[in-house]
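> predicted model and sequence follow; I will ask about them next.
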Amino acid sequence: MMVATRLVARSRLDATNWFREMMMMILKNLKRFFVLSLLVQALPVSAQKKAALIGDSTVATYSSGSKQGWGRYLASHVSGLSVSNFARGGRSSKTFYQGSEWDRALASKAKYLFIQFGHNDSNKGDPKYTDPKSSYKTYLTRFITESRKKGMSPILVTPVRRARFEGTSPTTELSAYAAAMRDVASREKVPLIDLYSISGSHYKKMGKSKTLQYFVKTDTTHFNESGARLVASWVAAEAARVVRGFPAVK
């Protein structure tokens, strides 16, 4: 009888110890989960929101010289956004797609992909040329389709205006490419930043003399640092307006 009683007591003690150990294990795991949650919340937002940019010289980053693209300063206008700028001077939608930069942009694991082409696409007789009614749309669609397969959210940006004027109004030599990009954005249901219209409106208000202050001297296509920063602020503000979940503007 005494042996049986001891066995029952031993079993109860073992069960109690087992229960206590299980509770301690659960509490330890809960503590780890809680600490991990705090660490995730403490991570910079920039580590959670990343953008990749593809485009031409008006977007590209330059390490020296007076010329600068708006892509260099986009992150400085957006809270919690890191930017990888794959834009390169002299590229059209066709030559960028055919080059290595496109593969690198796809491999960047960015959440957002900004796409701006048009300046070099418009050079008729040049290998970079694309027809705004056909091949230009084809390459834009490829960028959209392939980036979506990588889990990215494409954003189309119509080509920014050059600082060229006819009287008091900016010229319209890139209008066909802006219109073509609007068509693609509508068809593919992609957010559109109509930088062509935005820049044209600002240039007209500023006038030719003031507009040229934001461009490299004797160059009506490429921005200086002030111009690149200004255009980046326009892109950031419009992205915050048209792209769902996009980080707030600083």
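Received the coordinates, thanks.

> which ones are touching the residue lying closest to residue 207 once chain neighbours are set aside?
If the residues on either side of it in the chain are set aside, residue 207 comes closest to residue 168, at 6.9 Å by CB to CB, 6 or more residues apart in numbering. For the C-beta atoms, the positions are set from N, CA and C on the backbone; glycine is no exception. Contacts for residue 168 (CB atoms under 8 Å, 6 or more residues apart in numbering) come out as 204, 207, 208.

> helices or strands up against the host helix or strand of the first one?
Counting by DSSP states H and E, the element that carries residue 204 is helix 195-212. Applying 3 or more CB pairs under 8 Å, 6 or more residues apart in numbering; DSSP states H and E, one finds that helix 195-212 contacts strand 165-166, strand 169-170, helix 175-188, helix 225-242.

> the domain parsing of the protein - what is it?
Listed domain ranges for the chain are 1-42, 45-242 (source: automatic domain parsing).

> which one of those domains is the most hemmed in?
With neighbours defined by mean count of other CB atoms under 10 Å, none of the domains of the chain is more surrounded on average than domain 45-242, at a mean of 19.

> tell me the mean pLDDT for it?
Here the mean pLDDT over domain 45-242 is 97, rounded to a whole number.

> in the chain, which residue is closest to the centre?
The chain has residue 51 as the residue nearest its centroid, 3.2 Å off, counting by CA atoms, centre = their mean.

> what residues are up against the closest residue to residue 188 other than its chain neighbours?
Distance criterion CB to CB, 6+ apart; nearest residue to residue 188, sequence neighbours excluded, is residue 144 at 5.2 Å. Residues touching residue 144, when contacts are defined by CB under 8 Å, 6+ apart, comprise 115, 154, 156, 184, 188, 190.

> so which residues of this structure form helices?
Per DSSP state H, the chain has helices spanning 2-42, 93-98, 100-106, 135-149, 175-188, 195-212, 225-242. These are given in chain order.

> hang on, the earlier thing: ok, so of the contacts of residue 168, who is nearest residue 250?
residue 204 (26.7 Å; CB to CB).

> quick check: the closest one vs residue 161, distance?
Counting by CB to CB, to the nearest Å, the separation of residue 204 from residue 161 is 10 Å.

> shared neighbours, the two?
A shared contact of residue 204 and residue 161, defined by CB under 8 Å, 6+ apart, is any residue touching both; here these are residue 170.

> for residue 186, give me its contacts.
Listed by CB under 8 Å, 6+ apart, the contact set of residue 186 reads residue 192.

> now it: how far from residue 116?
Look at residue 186 and residue 116: by CB to CB, they are 17 Å apart.

> with residue 223 instead?
On the measure of CB to CB, residue 223 and residue 116 end up 13 Å apart.

> now do the shared contacts for these two.
When contacts are counted by CB under 8 Å, 6+ apart, the set common to residue 223 and residue 116 consists of residue 58.

> tell me who's in contact with the residue nearest to residue 68 when sequence neighbours are not counted.
For residue 68, ignoring the flanking residues on the chain, the nearest one in space by CB to CB, 6+ apart is residue 228 at 4.0 Å. When the contact criterion is CB under 8 Å, 6+ apart, the partners of residue 228 are 68, 69, 70, 72, 73.

> what do you get for residue 223?
In this structure, residue 223 makes contact with 58, 67, 68, 69, 70, 214, 215, 216, 230, 231, judged by CB under 8 Å, 6+ apart.

> no further questions, thank you.
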